[in-house]
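Novice: Just the structure for this:
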Amino acid sequence: MPLMFRLWFLIFEIAITEYAALGWSFDNTAKVFNGQEVSSYTSSIPSVSLITCGSTCFSRKRNGMCNICGYDKVSKTCFLSDDSEDEIIFTSNDSKVVLKPVETVCESSEYLVNGGDPVSDDQFSASSVFQDLPNHGASKARLHSLPSSTSIGAWAVGTKDANQYIQVQLNGLSQVVGVAVQGRPLKANGCCDQRVTSYKVLYSWNCQQFLTVNDTNGMEMIFAGNTDQDTVVTSMLPKQVLALCVRINPVTWSSHIILRFDILGCRVFDGNKDQDTVETSILPSQVTALCARVNPVAYVDHISLRFDILGCPLN
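Specialist: Sure thing, here's the model as predicted:
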């Protein structure tokens, strides 16, 4: 019997701020230390919650606007500070808090498209396909694909412009940390020198509303593509993102827009849409464990859950 998680609330991390408009809280982590306060601050934000302060602190640090943050539980004020950890003041007043932003990443990322739990062909889609030929279709774009009687071994666009994309719906909500790309595999006769030389990455938690991965300055990030057909070029995102669908949008190319690709990351499990319905998620393969942790990644209002672990004892 496969080991299974039974989860009773939504999955957490403190909150990727772009999702706030969609009614979710997503983020990376700001660790909270009670009985501490910053020695100085550059600005303050009144009348905010501790969670909002943590989310703000994380995004401001990413943009170089602070290092750590203080929070006063009584006045509900968030203090943005350039203090180092050595400058933190320890106090017996538990209403004083210091928040230290920490970006969490997948402990062991894997290929999410064609790895141990590969997606099906119908989970691929594209803006266009060369002459609508099936052997040039989006599902032919798996990393390390080779030419065959039914495939050129890659995806090829029908329209050569910077508005094209290839999309994959992952097998479940996942933390995405990177992208790996290849060009068109060479045939025995040397055809063809075709590859994407730069691209953007877009992602969505619902496969309808997409966000573009930005650099640390808030600008749309351009990733380096391939300089030959077969070398796998892997680019890590500046921060992990939570996604169900990922798009690769070619920006520049050699001869024709053609690529093979995979997505690096780790799977997370669906949580709850209400308080009482039991949501059961099955691991892609059973594991042997003495201890198990449930790590919330997204949540509504507050992190709260009831859970159980399903499996069978070994003794």
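Novice: quick one: stretch 265-276 to chain centroid distance?
Specialist: Put simply, stretch 265-276 sits 15 Å off its chain's centre (C-alpha atoms, centre = their mean, to the nearest Å).
Novice: How far does that stretch stretch from one end to the other?
Specialist: Taking C-alpha to C-alpha, to the nearest Å, the first and last residues of stretch 265-276 lie 30 Å apart.
Novice: Same check on stretch 99-112?
Specialist: Length of stretch 99-112, first residue to last, C-alpha to C-alpha: 33 Å.
Novice: residues contacting F124?
Specialist: By C-beta atoms under 8 Å, 6 or more residues apart in numbering, F124 lies in contact with 137-139, 141, 155, 166-168. Yep, even glycine has a C-beta here, placed from its N, CA and C like the rest.
Novice: can I get the residues you listed in CSV with neighbour count?
Specialist: Putting the contacts of F124 into CSV (neighbours: other C-beta atoms under 10 Å) gives the following:
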residue, neighbour count
G137, 22
A138, 21
S139, 19
A141, 27
W155, 29
I166, 28
Q167, 19
V168, 27
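Novice: give me the beta-bridge partners of the most centrally placed residue in the chain?
Specialist: What sits nearest the mean C-alpha location of the chain, by C-alpha atoms, centre = their mean, is V241, with 2.3 Å. Beta-bridge partners recorded for V241 (DSSP bridges): V176.
Novice: Next, the buried residues of stretch 303-315.
Specialist: By neighbour count on 16 or more other C-beta atoms under 10 Å, the buried set for stretch 303-315 is 303, 311.
Novice: Please list the members of the contacts of F124 that lie in helices.
Specialist: If you go by DSSP state H, the contacts of F124 have nothing in helices.
Novice: now the strands for the stretch 101-250 of the chain?
Specialist: Ranges of strands within the stretch 101-250 of the chain are 110-111, 124-126, 155-156, 166-182, 195-204, 211-212, 223-224, 233-254, based on DSSP state E, counting those that start in this stretch.
Novice: Thanks again, I'm all set now.
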